[in-house]
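In: the following block contains a protein sequence and its predicted model.
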Amino acid sequence: MNLDPDWVSINMGSVICLECSGVHRSLGVQVSKVRSLNLDSWEEPLLSSIATIGNKIVNSFWESKVQDEDVMKEKSDRQAFIKFKYVDRVFIDVDALKSSLDTESLEEAAFKALQNDDIVTLLKISAIGTKLKDIRNKQGQSLLHLACSQKGTSTSLVEFLIQNGVKYLEKDPVSGKTPLELCQKSKNDEIAALLNSK
C-alpha cells in the first residue's frame, strides 16, 4: 500500500497512488475521473467535495466485503481488485448500504441528501449502482435543478453532482431554465459562479 498517494479519483473522493491511477483511468471517466494532486489545477468546491468524503468513508462501503488484505500484492491483482471494486461492485454490501439510507427508495434518499447537503449519502447511492444523473422528481427535474433552486446548497455538493455525470446544461422541464439560470433566479451566487466556470 502506497502511503504517499498523489492522484485523486475526483468523482469518488479518494486519493490513490500512481499505479492505481493508471488502472482507474483504464476504467473510463464514467467510472473514475482521475487528476493529479501536483500537476492539475484545483478549485475550492472540488477540494471541499473530496475532503468531505476521503478514503476512509469510500472504502467503508466500497470494500465492506473484502476478506483478503493482501489482494493487491501484484499488479495484475491490483487491476482485478480495482475492477471488481468499482465496476463489478463485488465488495459492496448493497443491503447494508440501502438499510443505512433509512428511506423507502433510493430516490427519496437522494432528495433528502440534497436537502441536507449530504455528499456521502449521494456517494452511497451511486455506489449501490444508481446513476445520480438519472434521479428525477415527479416533474422530471434533476438533482442539479433542485440543488440550484434551493437555498443552502454548497458548491461542493454541486461539484460532486457534476463530477458524477449530472448534466449542468440541461434545461429544467418545469421552468425551461438551465441550472445556471435557476441559480441566478434563486440568488445562489456562489453556485452560479461555479457553473459559469464550466
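Out: Okay, I see it. Residues are numbered from 1 along each chain as shown.

In: what's the single longest helix in the chain?
Out: helix 44-62 (DSSP state H).

In: can you list the residues that contact it?
Out: 8, 10, 12-15, 85-86, 89, 91-93, 96-97, 119-120, 123-124, 127, 154-160, 163, 194 (CB atoms under 8 Å, 6 or more residues apart in numbering). Every residue, glycine included, has its C-beta placed from N, CA and C.

In: just the CA coordinates of that helix, formatted as PDB?
Out: This file holds the C-alpha atoms of helix 44-62, laid out as PDB (Å, rounded to 0.1, in the frame of the first residue of the first chain):
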ATOM      1  CA  GLU A  44     -12.200  25.100  -3.900                       C
ATOM      2  CA  PRO A  45     -15.600  23.300  -4.500                       C
ATOM      3  CA  LEU A  46     -13.800  20.200  -5.800                       C
ATOM      4  CA  LEU A  47     -11.300  20.200  -2.900                       C
ATOM      5  CA  SER A  48     -14.100  20.500  -0.400                       C
ATOM      6  CA  SER A  49     -16.000  17.700  -2.000                       C
ATOM      7  CA  ILE A  50     -13.000  15.400  -1.800                       C
ATOM      8  CA  ALA A  51     -12.200  16.400   1.700                       C
ATOM      9  CA  THR A  52     -15.800  15.700   2.700                       C
ATOM     10  CA  ILE A  53     -15.500  12.100   1.500                       C
ATOM     11  CA  GLY A  54     -12.000  10.700   1.700                       C
ATOM     12  CA  ASN A  55     -10.600   7.200   1.500                       C
ATOM     13  CA  LYS A  56     -11.900   6.000   4.900                       C
ATOM     14  CA  ILE A  57     -15.500   6.700   4.000                       C
ATOM     15  CA  VAL A  58     -15.200   5.500   0.400                       C
ATOM     16  CA  ASN A  59     -13.600   2.200   1.500                       C
ATOM     17  CA  SER A  60     -16.100   1.700   4.300                       C
ATOM     18  CA  PHE A  61     -18.700   0.800   1.800                       C
ATOM     19  CA  TRP A  62     -16.800   0.000  -1.500                       C
END
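
In: any idea how far the closest residue to S21 other than its chain neighbours is from L161?
Out: Closest residue to S21 apart from its sequence neighbours, by CB to CB, 6 or more residues apart in numbering: W7 at 3.7 Å. Distance, W7 to L161, using CB to CB, to the nearest Å: 22 Å.

In: got a list of what G129 touches?
Out: 89, 94.

In: kindly report the same for the one 3 residues further on.
Out: Applying CB under 8 Å, 6+ apart, we find L132 in contact with 110, 122, 125-126, 143, 161, 164-166.

In: how about T155?
Out: 44-45, 48, 190-191, 194.

In: okay then, goodbye and thanks.
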